[in-house]
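Chemist: Attaching a predicted model along with its sequence, questions to come.
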Amino acid sequence: MSVLLEDLFQIAPVFLNVGAAVFGDSLREAGYEVVYVDWSPPAGGDARIADLLDDLL
Amino acid sequence: MGLKERINAANAEAFRRIVAADPVLVDVAPASEVIPGMRDRLILHSGPPVTWDRMCGAQRGAAIGMCLFEGWAADPVEAEQMLRSGEISLEPNHHHSSVGPMAGTISSNMWVWVVENKAFGNRAFCRQVESFQQFGDHSSSAIAQLARWRDVWGPALRAAVRKMGGIPLKQLVARALLMGDEMHNRVVASSSLFANAVAPVLVDCGLPKEQVVDTLYYAGNHPFLFLGISMAAAKASVDPARGVEASTVVTAMARNGTDFGIQVSGLDGEWFTAPAPRVEGLLLPGWKEEDAGLDMGDSAITETVGWGGFVIGGAPGILNFTGGTAEQALAFSREMRSISVGRSPDYLIPALNFEGSAVGIDIRKVVQTNTLPVIDTAIAHKEPGHGIIGGGIVRPPLECFTKALTRFGERSSEWSEGPLSGRTATSIPSS
């Protein structure tokens, strides 16, 4: 495991940017690789609908 | 079986019915002959139910046009009085197994395409597509086009379609998708395939030469000819998926220029509406954004079966009508997979390695991902009296889907235990 950890710090990190894409912009400008995941809270953040989805999906 | 498993099974059944559809164009006929519940002094319109006082300008203009076409009124002023007083009834096409483009108006003497779904035995109907009256233009020249469809083109095409014993549409649509059509606003290939199919038969129907030549010219040069047929085919294909208990699959998306409405299989008969959105796109020269009316038409029935915006990635030619880039169009088609039950085994997208189109919009997935169906559409003027002014891309309001999901939640206890029953198990034959 320690070897793997050492390897991990030898390579450039890849960032996962979930939700607001703007958070990845500065990392990208600094030269890092950013993988964007398009996500937003279900039903635009409506907690009642989110609870309903838990029951139905 | 738990509720989630029950919903998934119901959606699989709704999906099976949609992809098993076998639409065949069997006739072209006056609405009074074929549309269930059609009667005198009735105008069918696109979208969910709407009253005259809430009706948008373009749909009002089209309704006035139908009063003139039917001879119920001598002029637009009298027509408006009749409509305002309630002397003329207004009902949605979807309540009569029908669909109509843009304002979607159908009355007794309007001829319609008749498509039968041979897999299930149901029929659906759609009027012809043109660029004037259906957008609210009620001028004498616009009404004259309707009269030519009634008196010349419709009867001639009826003779040819009947002589052919019907025209199977599944193969024709599948081929057109490989030729760059998306079956909504890009139907150039399918219109040509249709014209090629009927031409040799039409000349052998014993009709007057002038009528044959006129109809051949009409069929061979109308870039939106097939849209009326594809809409009827889509309606005939999706209707057997109505009323599947516990299914969250969308069975209709329709707009009247005032409201956007959806219907859901397990909530059959109910509409879930929200204000119609504005269409983002391109306007014809001379028109400005403030001229545009809101989203209108039953033509989103094509997206409901996985055509239109769902296969737009394979139809880049449409982008000079709607705007956008080929990359965006491909992204739309990929995106639609995330809100659908499955992929069509027959309707393929060549630009996406011949993968099947996404079919069976699941309201749960729409709400969970905030991903709304993509619809390509034409744009009408906000006031009566104008023809087409543009085209673009639109998405339904999320509110339609959250309302439907809320209603589904209210009724879910009905489906949480016991075997599936009713139409799901008995009235629709397997295929």
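Modeler: That came through, no problem.

Chemist: Show the contacting residues for the residue positioned nearest the centre of chain B.
Modeler: Here the mean C-alpha position of chain B is nearest to the C-alpha of B:S299 (Cα atoms, centre = their mean), at a distance of 3.0 Å. Taking Cβ atoms under 8 Å, 6 or more residues apart in numbering or on different chains, we find B:S299 in contact with B:99, B:101-102, B:184, B:227, B:231, B:308, B:377. Yep, even glycine has a C-beta here, placed from its N, CA and C like the rest.

Chemist: Excluding chain neighbours, what is closest to B:L157?
Modeler: B:V28 (4.8 Å; Cβ to Cβ, 6 or more residues apart in numbering or on different chains).

Chemist: helices and strands around the helix or strand hosting that neighbour, which ones?
Modeler: Assigned by DSSP states H and E, B:V28 belongs to strand B:23-30. When contacts are defined as 3 or more Cβ pairs under 8 Å, 6 or more residues apart in numbering or on different chains; DSSP states H and E, strand B:23-30 packs onto strand B:111-117, helix B:154-164, strand B:167-168, helix B:225-238.

Chemist: Can you redo these as CSV, where the extra columns are mean pLDDT?
Modeler: Below are the helices and strands packed on strand B:23-30 laid out as CSV (pLDDT from 0 to 100):
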stretch, mean pLDDT
strand B:111-117, 98
helix B:154-164, 98
strand B:167-168, 98
helix B:225-238, 98
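
Chemist: could I get these as CSV with mean neighbour count?
Modeler: Shown next, in CSV, are those (neighbours: other Cβ atoms under 10 Å in any protein chain shown):
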stretch, mean neighbour count
strand B:111-117, 26
helix B:154-164, 20
strand B:167-168, 18
helix B:225-238, 29
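
Chemist: can you list these in JSON lines and add distance to B:D259?
Modeler: JSON lines is the format used below for these (distance: least, Cβ to Cβ, whole Å):
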{"stretch": "strand B:111-117", "distance to B:D259": "24"}
{"stretch": "helix B:154-164", "distance to B:D259": "31"}
{"stretch": "strand B:167-168", "distance to B:D259": "35"}
{"stretch": "helix B:225-238", "distance to B:D259": "19"}
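
Chemist: who wins for proximity to B:V19 among these?
Modeler: With Cβ to Cβ as the measure, helix B:225-238 is the member of the helices and strands packed on strand B:23-30 nearest B:V19 (8.6 Å).

Chemist: And the pLDDT at B:G422?
Modeler: For B:G422, the model assigns a pLDDT of 37.

Chemist: Secondary structure element holding B:M82?
Modeler: Judged by DSSP H and E, B:M82 forms part of helix B:76-85.

Chemist: What residues sit buried inside that helix?
Modeler: B:76, B:79-80, B:82-83 (16 or more other Cβ atoms under 10 Å in any protein chain shown).

Chemist: Also stretch A:4-21?
Modeler: A:N17.

Chemist: next one: it to chain centre, how far?
Modeler: In terms of Cα atoms, centre = their mean, to the nearest Å, the centre of stretch A:4-21 is set 11 Å apart from its chain centre.

Chemist: Next SSE downstream of the helix holding B:M82?
Modeler: Next along from helix B:76-85, by DSSP H and E: strand B:89-92.

Chemist: In the chain, where is pLDDT below threshold?
Modeler: I went with chain A, as the question did not name one. A:1-3 (pLDDT under 70).

Chemist: that's the other chain; I wanted chain B
Modeler: If you take pLDDT under 70 as the line, chain B has these spans: B:417-431.

Chemist: got the residues of it near chain A?
Modeler: Counting by Cβ under 8 Å from any Cβ of the partner chain, chain B comes close to chain A at B:3-4, B:7, B:248, B:364-365, B:367-370, B:398, B:402, B:405-406, B:408-409, B:412.

Chemist: Show me the strands in chain A, by range?
Modeler: Remark: strands assigned in chain A by DSSP state E are A:14-18, A:33-37.

Chemist: Just give me the longest helix of chain B.
Modeler: helix B:3-20 (DSSP state H).

Chemist: can you give me the angle it makes with strand B:111-117?
Modeler: Angle, helix B:3-20 to strand B:111-117, by axes from the mean of the first three to the mean of the last three Cα atoms, to 10 degrees: 120 degrees.

Chemist: And helix B:3-20, what does it pack against?
Modeler: helix A:47-56, strand B:340-349, strand B:355-361.

Chemist: mind checking which of those is nearest B:E210?
Modeler: strand B:340-349 (38.3 Å).

Chemist: In the closest one, which residues are buried?
Modeler: Neighbour-count burial for strand B:340-349 [16+ other Cβ under 10 Å]: B:340-344, B:346-349.

Chemist: can you list those residues in TSV and add distance to B:A144?
Modeler: Shown next, in TSV, are these (distance: Cβ to Cβ, whole Å):
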residue	distance to B:A144
B:S340	42
B:V341	45
B:G342	46
B:R343	44
B:S344	40
B:D346	39
B:Y347	37
B:L348	41
B:I349	40
